[in-house]
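Peer 1: kindly return the folded structure for what I paste below:
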Amino acid sequence: IRVLDHRQCNIIWRQVQPVVGELTVADIHLVCDNGRPYRCSSTDVFRAHVVDTTTNQEVNCVIEPSGSLVGCSQVTVSFTARVSGEYLAKFMMNEQILGRERRIVYPDILDHRQCKVIWRELQSVVGKLNVVDIELVCDNGRPYTIKGTDNFRAYVVNAQKHQPVNCVIGQGPPDENKTVFELKTANLIMKCETFFPIIMTPKDSYGNNAALHEAEIVFESRTNKDSNDAPLVNVCYYDVHKLDDEKKYEILVNFASPGYYHCSVKYMDKILKTINAIVLTDRDTERMEKNCKALSFDTGYNCKLMKGKKLKDTRCFISPTNLQIRRFKLKIFKKYTFKICRSTQRFLLLMMVFHY
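Peer 2: Numbering: from 1, shown residues only. From the prediction side, this is the model:
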């Protein structure tokens, strides 16, 4: 019988110098008393605790594999420190301590030698706006994030007259690649004539909070019956306002008619997000919620399974957690079962409403 030997287990940190805001990862190699890798069984329980030694507050950490550890000889633990300082990490298997290590997480240090100054115009013209972007870089080469204690200043002086020129320091406009939308599913699934919230955190191209005006945020949509070339127009009522958290904005959307809509969120004619909206009637909403509460479905659907360039007749069965495909081949019954993530669950259950 192989027995885990906590004295021989190795803890290897991937980062030599952890930094605030970045992932800190540790690989724990499990070793038996005979020096060979230890394979976890179904009865083994692995735990990890990371504590800020200054405040004694525990930090959330992620253990991988996230499911069963059966057969694994290595466990990976990762966490992100939001404050610089000393952190104590403790790893245990079946309440037996495998290791207790302290890690120093260093703050971001701005390196003025690596910072970049980029002028948007190659040649300045009298009477026109001149814009310069300053890229802040840490000593480790990563982008530097401005903190509340930082004090950034800019001075522009006419070299001939030695007179100062007024300049404005601010964030850039929202960037479609950095702006964050808090959506539970890939599609908006909502009830007709009911407000649906979309939370948006606008970020500029450098990941900073973007500067914008609420009046310039536009939500546009078109029905699925329109051609793909048809322009997006305002076919629904929407309202935009800033939340208590000044970094976030809420867009309340209300469709008067059920259907399938192509939508986009724009800022000054610039698309920040494209998304589809499925608007249900009260009856369809009740049926979808009823499907979500059901434990299983006995109803099958005829479908086509694509094998290369050929289509095969199959039957599809959907439950709240699984998608099962059944087919016969050479008088042999075969079935394939797939796990369904949360967003897909809701979308498939919704499609069942439309096919009943």
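Peer 1: wouldn't residue 301 be in contact with residue 323 here?
Peer 2: No. Using CB atoms under 8 Å, residue 301 is not in contact with residue 323, being 10.8 Å away. C-beta coordinates here come from the backbone N, C-alpha and C atoms, glycine included.
Peer 1: who's more crowded, the two?
Peer 2: residue 323 (16 against 13; other CB atoms under 10 Å).
Peer 1: mind listing the residues bridging to that one?
Peer 2: residue 318, residue 338 (DSSP bridges).
Peer 1: may I have the predicted confidence score for the nearest residue to residue 80 once chain neighbours are set aside?
Peer 2: In space, and not counting its chain neighbours, residue 80 is closest to residue 23: 5.6 Å by CB to CB, 6 or more residues apart in numbering. Looking at residue 23, its pLDDT stands at 86.
Peer 1: tell me the contacts of residue 23?
Peer 2: 78, 79, 80 (CB atoms under 8 Å, 6 or more residues apart in numbering).
Peer 1: what are the pairing partners of the strand or helix carrying the first one, and which direction each?
Peer 2: Using DSSP states H and E, residue 78 falls within strand 74-80. Strand 74-80 has the following strand partners under DSSP bridges: strand 23-29 (antiparallel), strand 61-64 (antiparallel).
Peer 1: next SSE downstream of it?
Peer 2: With secondary structure assigned by DSSP H and E, strand 74-80 is succeeded by strand 85-93.
Peer 1: what is the rounded mean pLDDT of the helix or strand that comes right after that following strand?
Peer 2: Downstream of strand 85-93, the next assigned helix or strand under DSSP H and E is strand 96-105. Average pLDDT, strand 96-105: 89.
Peer 1: check which helices and strands strand 96-105 sits against.
Peer 2: Here strand 96-105 touches strand 10-13, strand 23-29, strand 85-93, going by 3 or more CB pairs under 8 Å, 6 or more residues apart in numbering; DSSP states H and E.
Peer 1: which among those strands is found nearest to residue 3?
Peer 2: strand 85-93 (11.5 Å; CB to CB).
Peer 1: can I get that closest one as CSV, trimmed to CA atoms?
Peer 2: Output of strand 85-93 as CSV, limited to C-alpha atoms (Å, rounded to 0.1, in the frame of the first residue of the first chain):
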residue,chain,number,x,y,z
GLY,A,85,2.8,42.4,1.9
GLU,A,86,3.5,38.9,3.4
TYR,A,87,1.1,36.0,2.8
LEU,A,88,1.1,32.6,4.5
ALA,A,89,0.1,29.6,2.4
LYS,A,90,-0.8,26.3,4.0
PHE,A,91,-1.5,23.1,2.1
MET,A,92,-3.1,20.0,3.7
MET,A,93,-4.1,16.5,2.6
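Peer 1: if residue 199 is in a bridge, with which residues?
Peer 2: Counting by DSSP bridges, residue 199 forms beta bridges with residue 182, residue 250.
Peer 1: and residue 196, what's its pLDDT?
Peer 2: 90.
Peer 1: and if you look at residue 11?
Peer 2: Note on residue 11: pLDDT of 92.
Peer 1: for burial, what's the neighbour tally of residue 87?
Peer 2: Close neighbours of residue 87, defined as other CB under 10 Å, add up to 21.
Peer 1: next up, the contacts around it.
Peer 2: 24, 50, 51, 52, 53, 59, 79, 81, 102, 103, 104, 105.
Peer 1: tell me which residues touch the second one, please.
Peer 2: By CB under 8 Å, 6+ apart, the contact set of residue 50 is 58, 59, 61, 77, 79, 87, 88, 89, 90.
Peer 1: at 10 Å instead, please
Peer 2: 24, 26, 57-61, 77-79, 81, 87-91, 103 (CB atoms under 10 Å, 6 or more residues apart in numbering).
Peer 1: among the residues you listed, name the buried ones.
Peer 2: 24, 26, 59, 77, 78, 79, 81, 87, 88, 89, 91, 103 (16 or more other CB atoms under 10 Å).
Peer 1: what's opposite the spatially closest residue to the fourth one that is not a sequence neighbour in the beta bridge?
Peer 2: Put plainly, it is residue 77. Nearest non-adjacent residue to residue 77, counting by CB to CB, 6+ apart: residue 48, 4.5 Å away. Judged by DSSP bridges, the bridge partners of residue 48 are residue 91.
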